[in-house]
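**Q** need the 3D shape of this:
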Amino acid sequence: MQPFIDHARTFPASRGTELGGLAAGQSPSVLFITCSDSRVVPSLITGAGPGELFELRTAGNIVPSYHAGPTSEAATVEYAIEVLGVSDIVVCGHSHCGAVGALVRGDDLSGVPAVRDWLGHAAEKPAGAQDDPQVAEAVQHHVLTQVMRLKSYPSVEARLQDGKLGLHAWFYEVHTGTVLAHRSESDSFETL
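**A** Below you'll find the predicted structure:
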């Protein structure tokens, strides 16, 4: 913990002038939905600076059904679109995902009931090989499911119909740093 405390103490001196303009507000152009996994760092992957990405991080980058009731995730998506006016949403899954791996393997999660119940929002068991430690195919399938679910959110649906919103499905390899994007014309994930 001490290295983080030390950095927080010196942070204002090293970046204060750069951050001053952020007090006026934020205007990110992208909502970046990804997993809570500490190996996935959106600003590192994209090169975004402060104020450029609006982030939503959930275990397994799950986007619950809009009709699941008021959720933090639904509120974040709605705010990003209606208030901040983002023009793009990226759903980014990653290799070696524990949440998707647990779904694919059918792990017993009775010892972590909140995790078990949250993963129930994933909709369906992602297709993919149970013995693949990267769970690449399963995560990619899972990401596409989350993108499809986003399309049922009223604010997303309205912006898509107006042609004012882009939806993107990404897959990040934590062991290489490579980012793959889903290409609808080939229905495959390809290197950016």
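**Q** give me the contacts around the lowest-mean-pLDDT helix or strand in the chain.
**A** Among the helical and strand segments of the chain, the one scoring lowest on mean pLDDT, DSSP states H and E is helix 2-19, with a mean of 79. With CB atoms under 8 Å, 6 or more residues apart in numbering as the contact definition, helix 2-19 has outside contacts at Pro50. For every residue, glycine as well, the C-beta is placed using N, CA and C.
**Q** ditto for stretch 157-168
**A** 81, 86-91, 147, 150-151, 156, 181-182.
**Q** weed out the non-buried ones from these.
**A** Applying 16 or more other CB atoms under 10 Å to these, the neighbour count classes Ile81, Val86, Ile89, Val90, Val91, Val147, Leu150, Val156, His182 as buried.
**Q** below-threshold pLDDT in the chain: ranges please.
**A** Applying pLDDT under 70 to the chain picks out residues 16, 68, 123, 128-130.
**Q** just the contacts of stretch 157-168: which are in strands?
**A** Counting by DSSP state E, the contacts of stretch 157-168 place Asp88, Ile89, Val90, Val91, Ala181, His182 in strands.
**Q** Phe171 is in contact with the fourth one, correct?
**A** No. Assessed by CB atoms under 8 Å, Val91 is found out of contact with Phe171, at 9.8 Å.
**Q** any common contacting residues for these two?
**A** Val143.
**Q** before we move on, the earlier item: just after the least confident helix or strand of the chain, pick out the following helix or strand.
**A** strand 30-35 (DSSP states H and E).
**Q** name the residues that touch that following strand?
**A** 40, 42, 46, 48, 52-61, 63, 76-77, 80-81, 84, 86-94, 97, 99, 146, 172.
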